[in-house]
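S.K.: pasted the sequence and its predicted model underneath.
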Amino acid sequence: MTTRTRISAIAALTIAMAAVIAPSAQAAPSRHMTVSSQGTVKVVPDAVRISVTSTNVGATSKEALAATAKTSAAVRAALLAAKIDKKDIATQSVSINPEYKYENNTSTLIGYRASQSFTIVVRAASTAGEVVDSIVAAGGDSLQLNGATPFVLDNTKATTAARTAAVKNARAKAASYASLLGVKLGKVTYLIENSSPTPYVPVMGIAKAESDATVIDLGEQDVTVSVTVKWSLL
């Protein structure tokens, strides 16, 4: 075999091997279908978050702070009597500011206002109205009720149910598209949860019953999970 013949044979072998190893340019592209879906479940809140502020005006900042501390102590005592755990009572802020009276385009210093704001978690939602009444009675006119918001203390079960519904909805949507397009679904190749479950928080609902006792209307909240799923197509 001449040198030229050997080179030609090696070149032919190299081309044949490349054809086996390299994918064909005409190979069919991978086919898939991607759909997004949501699952939502309704749940009755099992806790209530209450926000209050004790506030007083004094001739000096020291007097104002002392009066506010007294109001706050009365509120804490009422909360403990209502069986609210200390871990569920949290101070959000303490402040002292000058208080002015505005009249005829002039301002006159009349004292100092001290405030202490609290967030309270009532884990027994059905007792939240009673808790509101007890702390308002304890704080008197020195207490401001800023809000009472029902919320889901533990939404683990609701989230699991919403996630299950989201996946079922995604599968049903994909099956519908597959039927319309005349294809078949293969295996799931990709799934991502697009957002953390976030319950819808309703506007504060406080009402007075015929007995003048405060009632916190719990209502229902939506817990929603959103997913994106990809299927291979057969």
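M.R.: All right, it came through fine.
S.K.: quick one: T228 and S36 touch, right?
M.R.: Yes: using CB atoms under 8 Å, T228 is in contact with S36, at 4.6 Å. Every C-beta, even on glycine, is put in place using the N, C-alpha and C of the backbone.
S.K.: anything in contact with each of the two?
M.R.: Applying CB atoms under 8 Å, 6 or more residues apart in numbering, one finds that T228 and S36 are jointly contacted by 170, 194.
S.K.: in the helix or strand harbouring G111, what's buried?
M.R.: Per DSSP states H and E, G111 falls inside strand 106-122. The neighbour-count check on strand 106-122 (16 or more other CB atoms under 10 Å) flags 111-118, 120-122 as buried.
S.K.: same deal with stretch 132-145?
M.R.: Quick answer for stretch 132-145 (16+ other CB under 10 Å): 132-136, 138-139, 142-143, 145.
S.K.: what does stretch 69-80 give?
M.R.: 71-72, 74-76, 78-79.
S.K.: helices or strands next to the helix or strand where L80 lies in the packing?
M.R.: Using DSSP H and E, L80 falls within helix 61-81. Judged by 3 or more CB pairs under 8 Å, 6 or more residues apart in numbering; DSSP states H and E, the packing partners of helix 61-81 are strand 47-58, strand 89-103, strand 106-122, helix 128-139.
S.K.: re earlier: and which of the buried residues of stretch 132-145 is nearest S176?
M.R.: V132 (49.3 Å; CB to CB).
S.K.: hmm, that closest one is touching R49, no?
M.R.: No: applying CB under 8 Å, one finds V132 not in contact with R49, separated by 11.8 Å.
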